[in-house]
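Q: Following is a predicted model, sequence given first.
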Amino acid sequence: MLAKRIIPCLDVKDGMTVKGTNFVNLREAGDPVELGVRYSEQGADELVFLDITASHEERKTFTELVKRIAANINIPFTIGGGINELSDVDRLLNAGADKVSVNSTAIRNPEIIEEIAKNFGSQVCVCAIDANFEDGIWSCYTSGGRNKTDKELFSWAKEVENLGAGEILFTSMNHDGVKTGYANEALRRLSETLNIPVIASGGAGNMEHFRDVFVNGKADAALAASVFHFGEIAIKDLKDYLKKENINVR
């Protein structure tokens with residue numbers, strides 16, 4: 001069985017790491033490169049950096065920051081936000097990113113997933129899905145949770161896999177920043193119906209939540225932000241705990 005991955009996520013706005021609750025009420029958490037270095041040294045398996053206002057503000061993702069990150073950390077990292085065309089992917093990979101995450105663009109133009117997979121390989125393409133559970137349906141949103149679409153989580157995830165995405169990063173907007181645990185039922189359904197890895201996002205508040213997302217949610221990786229940024233959980237302690245719970249971590 002592949003080892004489960006622990007992935008700190010750094011949402012970046014105006015050059016600083018920020019964290020909110022249910023995608024609003026942002027507060028600053030520090031310099032993204034300094035935090036990235038710290039997490040790398042603490043044993044994180046990967047990092048995700050999201051330029052959270054790039055799509056909404058219609059600007060290009062932070063190439064200079066990507067170069068700084070690549071020069072300072074030695075674990076794989078994914079960049080997302082404002083990626084609209086193949087040239088954006090090329091620019092970010094050349095700056096040092098290992099993978100790119102597409103969300104809003106993929107919903108507007110699903111062919112971008114196919115193009116990324118064909119030109120750079122499926123392993124480079126992470127499709128992020130932000131979904132909110134409302135009226136009995138998991139509805140997908142774009143632009144950092146601002147715009148509701150007609151896409152439904154499970155059918156869209158299957159479509160994304162068929163187009164060639166290498167991984168799904170599913171964030172439950174209902175659970176984001178609330179720290180009551182991940183959306184394990186939805187995650188389990190995704191993991192059981194897809195043949196590509198599923199990264200869980202939204203809801204981590206304690207170490208038990210990580211255990212539950214791997215055991216009950218069957219996620220391949222768990223992404224979290226505020227519990228790491230504000231020192232509530234140390235990555236080494238988390239991995240030691242998960243090993244005691246018989247969960248295979250690196």
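A: Received the coordinates, thanks.

Q: just the helices in this structure please.
A: Ranges of helices in the chain, per DSSP state H, are 32-42, 54-57, 63-72, 86-95, 104-108, 111-120, 153-163, 184-193, 207-215, 226-229, 235-244.

Q: Out of the ones you listed, which gets the lowest mean score?
A: For the helices of the chain, mean pLDDT drops lowest on helix 54-57, to a mean of 52.

Q: can you pull the contacts of the most centrally placed residue in the chain?
A: Most central in the chain under C-alpha atoms, centre = their mean is residue 169, positioned 4.9 Å from the mean C-alpha point. With contacts defined as C-beta atoms under 8 Å, 6 or more residues apart in numbering, the neighbours of residue 169 are 48, 101, 126, 127, 128, 129, 199, 201, 223. C-beta here means a position set from N, CA and C on the backbone, and glycine is covered the same way.

Q: Restricted to strands, list the residues you listed.
A: 48, 101, 126, 127, 128, 129, 199, 201, 223 (DSSP state E).

Q: Which among these count as buried?
A: Using 16 or more other C-beta atoms under 10 Å as the burial test, the ones in strands among the contacts of residue 169 include 48, 101, 126, 127, 128, 129, 199, 201, 223 as buried.

Q: Just confirm the fifth one contacts residue 102, I think it does.
A: Yes. Taking contact to mean C-beta atoms under 8 Å, the distance of 6.9 Å between residue 128 and residue 102 places them in contact.

Q: Which neighbours do those two have in common?
A: Contact criterion C-beta under 8 Å, 6+ apart; residues shared by residue 128 and residue 102: residue 80.

Q: Give me the neighbour count for the closest residue to residue 79 other than its chain neighbours.
A: Distances taken as C-beta to C-beta, 6 or more residues apart in numbering put residue 97 closest to residue 79, at 4.4 Å, once the chain neighbours are dropped. Residue 97 is flanked by 24 other residues according to other C-beta atoms under 10 Å.

Q: who are the neighbours in contact with residue 97?
A: Neighbours of residue 97 in contact, by C-beta under 8 Å, 6+ apart: 66, 70, 77, 78, 79.

Q: Quick one: which of these is the most crowded by neighbours?
A: Most surrounded of these: other C-beta under 10 Å gives residue 79, at 31 neighbours.

Q: ok, so what distance separates that residue from residue 13?
A: Look at residue 79 and residue 13: by C-beta to C-beta, to the nearest Å, they are 14 Å apart.

Q: What lies in contact with stretch 120-127?
A: Residues outside stretch 120-127 that contact it (C-beta under 8 Å, 6+ apart): 78, 80, 89-90, 93, 98-103, 106, 113, 116-117, 157, 160, 164-169, 196, 199.

Q: Could you check how many residues crowd around the residue lying closest to residue 221 once chain neighbours are set aside?
A: Nearest residue to residue 221, sequence neighbours excluded (C-beta to C-beta, 6+ apart): residue 5, at 3.7 Å. Using other C-beta under 10 Å, residue 5 has 19 other residues around it.

Q: so who does residue 5 touch?
A: So residue 5 contacts 45, 46, 199, 220, 221, 222, 249, 250 (C-beta under 8 Å, 6+ apart).

Q: Only whichever of these are buried, select them in ChimeraX.
A: In ChimeraX, this line selects whichever of these come out buried by 16+ other C-beta under 10 Å:
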select :45,46,199,220,221,222,249
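
Q: need the contacts of residue 5 in JSON lines with pLDDT, can you?
A: What follows is the contacts of residue 5, written out as JSON lines (pLDDT from 0 to 100):
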{"residue": "45", "pLDDT": "98"}
{"residue": "46", "pLDDT": "98"}
{"residue": "199", "pLDDT": "98"}
{"residue": "220", "pLDDT": "98"}
{"residue": "221", "pLDDT": "98"}
{"residue": "222", "pLDDT": "98"}
{"residue": "249", "pLDDT": "97"}
{"residue": "250", "pLDDT": "90"}
